[in-house]
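Q: Give me a model of this one.
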Amino acid sequence: MAWWRRKKQQLETQTPEEKVSVPKGVWSKCEACGEITYTEELIANLRVCPVCGHHAPMPTAERIEAMLDEGTWEEHDTDLRSGDPLSFADQKPYSQRLEKALRTAGPRDAFRSGVGTMAGVPVSVGFFAFEFMGGSMGSVVGEKVTCVFERALELHRPAVVFSASGGARMQEGVLSLMQMAKTSAARGRLRAAGLPYISVVLHPTTGGVAASFATLGDLIIAEPKALVGFAGPRVIMQTIGQELPKGFQRAEFLLEHGMVDRIVSRLEMREQLGLMLQLLGTKPKTDQPAAQ
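A: Numbers count the residues shown, from 1 in each chain. Model prediction:
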């Protein structure tokens with residue numbers, strides 16, 4: 001009955017040098033279903049899980065490339081930089097937090113603004129950079145968002161803003177809160193001129209951003225399961241002392257209750273936005289392909 005026994009000599013021939021190690025970052029695990037996917041394939045699929053459709057966080061540079069027609073992105077307002085008007089310090093000075101964010105996330109603060117075409121339609125467009133201090137809205141972000149609306153007025157084209165933010169940047173105190181009024185006033189001037197504005201809310205869009213221009217669009221589009229709201233669910237539960245409905249503040253719940261107009265997959269976002277802009281009365285450029 002020795003046929004089932006493992007031979008000692010076979011164990012001794014297995015050495016650590018024969019083990020194959022996989023470089024870090026080659027594979028990505030879906031947070032929703034646990035599916036393992038090649039990272040390159042996931043990026044090519046706009047970081048949407050091919051099995052369950054979960055929308056993973058997307059770097060701003062990748063989103064710009066995916067949402068705008070190739071070669072049409074022109075960035076503006078790159079010279080704006082955050083200051084430290086209050087000399088604010090919590091666990092560390094605000095100036096040090098800014099320096100770290102500039103090193104890790106780039107020099108453009110938490111918002112990138114510019115112009116381009118989307119499925120052939122010229123737009124004034126802005127993208128929140130959540131990787132920069134959680135996409136928090138300070139004076140620079142407020143100025144850049146305002147520039148998106150003012151540039152749309154100047155060029156007589158629609159505005160589109162992709163929002164992903166934790167809210168106001170409290171290290172700038174009341175100056176950050178004033179950006180809510182500033183951006184909303186700029187959006188109001190765009191509405192008075194009869195130019196469309198589409199707000200795309202991503203996961204998460206909260207705080208002062210959700211309480212201002214992010215929910216003032218002629219159309220409000222959300223990615224699947226995006227969290228959108230002013231205060232977080234835990235804070236609301238502690239305040240009212242009640243359990244919240246299932247899926248509260250998620251895009252699907254908000255669509256059912258009339259807070260957003262449509263949920264669109266990232267894979268279809270550019271074409272759908274181009275079509276919506278055309279339905280709102282904006283014609284595509286003749287040298288760009290129209291949305292189908």
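Q: only C-alpha atoms for contact and neighbour calcs from this point on.
A: Noted.
Q: CA atoms of stretch 187-198 as PDB?
A: Extracted in PDB, the C-alpha atoms of stretch 187-198 (Å, rounded to 0.1, in the frame of the first residue of the first chain):
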ATOM      1  CA  ARG A 187     -23.600  78.400 -14.000                       C
ATOM      2  CA  GLY A 188     -26.600  80.800 -13.800                       C
ATOM      3  CA  ARG A 189     -25.100  83.100 -16.400                       C
ATOM      4  CA  LEU A 190     -24.700  80.100 -18.700                       C
ATOM      5  CA  ARG A 191     -28.300  79.200 -18.200                       C
ATOM      6  CA  ALA A 192     -29.400  82.800 -18.900                       C
ATOM      7  CA  ALA A 193     -27.500  82.600 -22.200                       C
ATOM      8  CA  GLY A 194     -29.500  79.500 -23.200                       C
ATOM      9  CA  LEU A 195     -26.400  77.300 -23.400                       C
ATOM     10  CA  PRO A 196     -26.700  73.700 -22.100                       C
ATOM     11  CA  TYR A 197     -24.700  72.300 -19.200                       C
ATOM     12  CA  ILE A 198     -24.400  68.600 -18.500                       C
END
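Q: And the residue nearest to W27 when sequence neighbours are not counted, how far from T104?
A: The shortest distance from W27 to any residue other than its chain neighbours is 4.6 Å, reached at Y38 (C-alpha to C-alpha, 6 or more residues apart in numbering). According to C-alpha to C-alpha, to the nearest Å, Y38 and T104 sit 24 Å apart.
Q: Do me a favour and get the end-to-end distance for stretch 68-85?
A: 35 Å.
Q: Pull the distance from that stretch to the chain's centre.
A: 15 Å (C-alpha atoms, centre = their mean, to the nearest Å).
Q: residues of that stretch that come out buried?
A: 68-69, 73, 76-77 (16 or more other C-alpha atoms under 10 Å).
Q: closest to E99 among those?
A: E99 has its nearest neighbour among the buried residues of stretch 68-85 in D77, at 19.2 Å by C-alpha to C-alpha.
Q: so the closest one touches S113, yeah?
A: Yes - shown here, D77 and S113 form a contact pair, counting by C-alpha atoms under 8 Å, at 6.7 Å.
Q: Now for these two: what residues contact both?
A: By C-alpha atoms under 8 Å, 6 or more residues apart in numbering, D77 and S113 have these common neighbours: K144.
Q: Which parts of whichever strand or helix holds L275 count as buried, going by neighbours?
A: L275 belongs to helix 269-279 when assigned by DSSP states H and E. By 16+ other C-alpha under 10 Å, the buried positions in helix 269-279 come out as 269-278.
Q: got a list of what the residue nearest to W27 touches?
A: Taking C-alpha under 8 Å, 6+ apart, we find Y38 in contact with 26-28.
Q: Which of those residues are buried? Put it as a PyMOL command.
A: Provided next is the PyMOL selection string for whichever of the contacts of Y38 are buried by 16+ other C-alpha under 10 Å:
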select buried, resi 27+28
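Q: so of the contacts of Y38, which ones are in helices?
A: Among the contacts of Y38, none falls in helices (DSSP state H).
Q: Check which helix or strand I221 maps to.
A: Using DSSP H and E, I221 falls in strand 219-222.
Q: Which neighbouring elements make contact with that strand?
A: For strand 219-222, the contact count by 3 or more C-alpha pairs under 8 Å, 6 or more residues apart in numbering; DSSP states H and E identifies strand 197-206, strand 262-263 as packing neighbours.
Q: List the buried residues in the longest one.
A: Burial within strand 197-206, assessed by neighbour count using 16+ other C-alpha under 10 Å, is assigned to 197-206.
Q: gap between the longest helix seen in the chain and the chain center?
A: Counting residues, the longest helix found in the chain (DSSP H) is helix 174-192. Chain-centre distance of helix 174-192: 20 Å, with C-alpha atoms, centre = their mean.
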